[in-house]
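Enquirer: Could you work out the structure for the sequence below:
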Amino acid sequence: MNCFHKSRVPSTVKCAWFFASTLLIAYPAIAQSPHSSLSVFVDNSLPDTPRSNLSTDQQQSAEQRVPGTITGTLVDQSGVGIVGSRVRLTHADDSPGQAVISDEDGRFFLSNVMPGPFVLTIVTEGFTTRSFSGSLRSGESYSVPQLVLSLATNVTEVRVELSQIEVAQEQMKDEEQQRVFGLVPNFYVTYVPNAAPLTSKQKFDLAWKESVDPVNFVVTGGIAGIQQARDTFSGYGQGAQGYGKRYGASYADFVIGTYIGSAILPSLLKQDPRYFYKGTGSVKSRAMYAIANAVICKGDNGKWQFDYSGIVGSLAAGGISNLYYPASDRNGVGLTVENALIGIGASAAANLLQEFVLRKFTTHVPSAAGLNTNIP
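Expert: The predicted structure follows:
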């Protein structure tokens, strides 16, 4: 059929009518065919109905993520609730957590918790830290099983520190090893500038070890021999008896002077009988320090003071010696004072030797002994 055949009705109208009629007749069959190309013209949605941007699965997932709650109770090993515990909630996906404090019955309550895996960390003073993990379903009220906290085991840092007395004892042991040329005792000098003060017992112990050292017996014997040869203290006579008296008197001088000047008076007056080696500074400053130490000493309080122990001890020893020396050789008060002054000069000379000479020849000097540059 030619749609454009000439007639009184316009061909275009006839063609439109023809196609419309055909479409109306064929539409039911075409619409039922799943392969019909006309389906592109079909819109089943109504113009007034809004379309959702979420898929059905996404809508169902959003509906399932409903916040829930977590509750629980914390008790000690006796079953008593623990108040003041800090319960912290964290999520596996690192989303923001929350924290609460347990009440007086040990209970805790976490609200508005998003579903999913979670971890509870419980921190309590005096108790070990406890952790609990679980998984919260959407809208669930999760009840944590009762958590029992254990008392923390105290980890005590043990610092082994010697007391001042023990430090002084250790330092004194070092001093008792000091010998000039490895032979002559050099006990009454310390090479530790801040050496701990000696106790009274330690002062007496040091005096005892000094007085009974075998070398001092030999030295005393040499002094007695020289006195014998020079007929010093002639009232003692000669021969073995004279030598024995001289030996006894010389040894008595040494022991009495050591005990009075280095143990008895230092204990009573709280003074240190040792020479504190300086070792640093100019030669002049060290020399002045050594000479000054003939009349000053360090107190047990660490401060320098007049050496009453040494000077008074020398006078006392000289006075006592009058009891056993021959009457013709006994010293009067004037001579005793004179000898004490001579003793001060001898002490200054000995200190100079200690400061500049003897340390080089003294064995067993503590290797860790520091040198003090700030002598009070």
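Enquirer: May I have the beta-bridge partners of Arg88?
Expert: Ala99, Thr121 (DSSP bridges).
Enquirer: That one touches Thr129, doesn't it?
Expert: No: counting by C-beta atoms under 8 Å, Arg88 stays clear of Thr129, with 10.4 Å between them. Using the backbone N, CA and C atoms, a C-beta is placed for each residue, glycine as well.
Enquirer: More neighbours: the two, which one.
Expert: Applying other C-beta atoms under 10 Å to Arg88 and Thr129 shows that Arg88 carries more neighbours, namely 15 against 11.
Enquirer: ok so, going back, list the residues that contact both of Arg88 and Thr129?
Expert: Residues touching both Arg88 and Thr129 by C-beta atoms under 8 Å, 6 or more residues apart in numbering: Thr121, Ile122, Val123.
Enquirer: For ChimeraX, write the selection for the buried entries among the residues you listed.
Expert: To isolate the buried ones among the shared contacts of Arg88 and Thr129 in ChimeraX, judged by 16 or more other C-beta atoms under 10 Å, type:
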select :121,122
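Enquirer: and of the shared contacts of Arg88 and Thr129, the nearest to Val312?
Expert: Set against Val312, the nearest of these by C-beta to C-beta is Val123 (66.9 Å).
Enquirer: give the contact list for the closest one.
Expert: Here Val123 is in contact with Ser85, Arg86, Arg88, Thr129 (C-beta under 8 Å, 6+ apart).
Enquirer: which stretch of helix or strand covers Glu166?
Expert: Per DSSP states H and E, Glu166 falls inside helix 164-175.
Enquirer: what comes up buried for that helix?
Expert: Ala168, Gln169, Gln171, Met172, Asp174, Glu175.
Enquirer: Now the second one: closest residue in space that isn't a chain neighbour?
Expert: Looking back up the chat, that one is Gln169. Using C-beta to C-beta, 6 or more residues apart in numbering and skipping the chain neighbours, the partner closest in space to Gln169 is Gln202 (6.6 Å).
Enquirer: sec struct for that neighbour, please.
Expert: With DSSP: H, G, I helix; E, B strand; the rest coil as the basis, Gln202 sits in helix.
Enquirer: Report the residue ranges of every domain in the chain.
Expert: Under automatic domain parsing, the residue ranges defining each domain of the chain are 62-148, 177-363.
Enquirer: Return the most buried member of those.
Expert: The highest mean neighbour count among the domains of the chain, using mean count of other C-beta atoms under 10 Å, belongs to domain 177-363: a mean of 17.
Enquirer: Ends of it, what's the gap?
Expert: With C-alpha to C-alpha, to the nearest Å as the measure, domain 177-363 spans 8 Å from end to end.
Enquirer: go on, stretch 348-365?
Expert: 22 Å.
Enquirer: average pLDDT for it?
Expert: Stretch 348-365 shows a mean pLDDT of 94.
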